[in-house]
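Participant: coords please:
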Amino acid sequence: MLSHEPVKLARGYWILGLAQVVHSTEETLSQLYVQLNSMIEALHQHFPWFPLVELSADVFAAINYFMLALILASVPVAEKGNRTGFFFMWLWAIVELFNGAFHIGTWVYFKHYFPGGISGPILFVLSIFLIQRLRATSIQAAQAT
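Facilitator: Numbers count the residues shown, from 1 in each chain. Purely as a prediction, here's the structure:
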């Protein structure tokens, strides 16, 4: 029964990766790297320990491309259903959960569109679905042993 589950989970993981491609594209086209400074300043005002940093367009793009490469390149590992595959799926599901929550939070805080605000909630929802499936699979695996 569980033999096909890693492939089904990896498919959801792959969909999350494709959603991140769309999200990164939205962030780039809406120039998040420019507007991020206002968010960082607001965070720093509320949390003085939060560092004041600036990201250039090149650094922002490099970070996004690296993240996309990691998530999409790890799909074949996830399909195998081993510990490493589950680690990657859990890691990225949690990263995307926070990413989506961040974008929802910025829209609420600023009361207007913030780059990534359209696709961020999609990442949030997809990551919740993946986490639910990962949890169910973990419970089923534990009951099978």
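Participant: surely residue 122 touches residue 18?
Facilitator: No. Between residue 122 and residue 18 there is no contact under Cβ atoms under 8 Å: 10.5 Å. Glycine gets a C-beta too; all of them are placed from N, C-alpha and C.
Participant: what about those two, which has more around it?
Facilitator: Neighbour totals were compared for residue 122 and residue 18, and residue 122 leads with 18 against 13 (other Cβ atoms under 10 Å).
Participant: what residues are up against the closest residue to that one other than its chain neighbours?
Facilitator: Excluding its sequence neighbours, the residue lying closest to residue 122 (Cβ to Cβ, 6 or more residues apart in numbering) is residue 19, at 5.5 Å. By Cβ atoms under 8 Å, 6 or more residues apart in numbering, the residues touching residue 19 are 96, 119, 122, 123, 126.
Participant: just the strands from the chain, written as ranges.
Facilitator: Here the chain has no strands by DSSP state E.
Participant: mind naming the longest helix for it?
Facilitator: Looking across the chain with DSSP state H, the single longest helix is helix 83-110.
Participant: buried sites along that one?
Facilitator: 85-86, 88-90, 92-93, 95-97, 99-100, 102-104, 106-107 (16 or more other Cβ atoms under 10 Å).
Participant: equivalent analysis for stretch 50-64, please.
Facilitator: Residues of stretch 50-64 classed as buried: 55, 60, 64 (neighbour count, 16+ other Cβ under 10 Å).
Participant: got the contact list for the first one?
Facilitator: The reference is to residue 55. Contacts of residue 55 (Cβ under 8 Å, 6+ apart): 33, 36, 63.
Participant: 6 Å - rerun?
Facilitator: Residue 55 is in contact with residue 33, counting by Cβ atoms under 6 Å, 6 or more residues apart in numbering.
Participant: cool, thanks, signing off.
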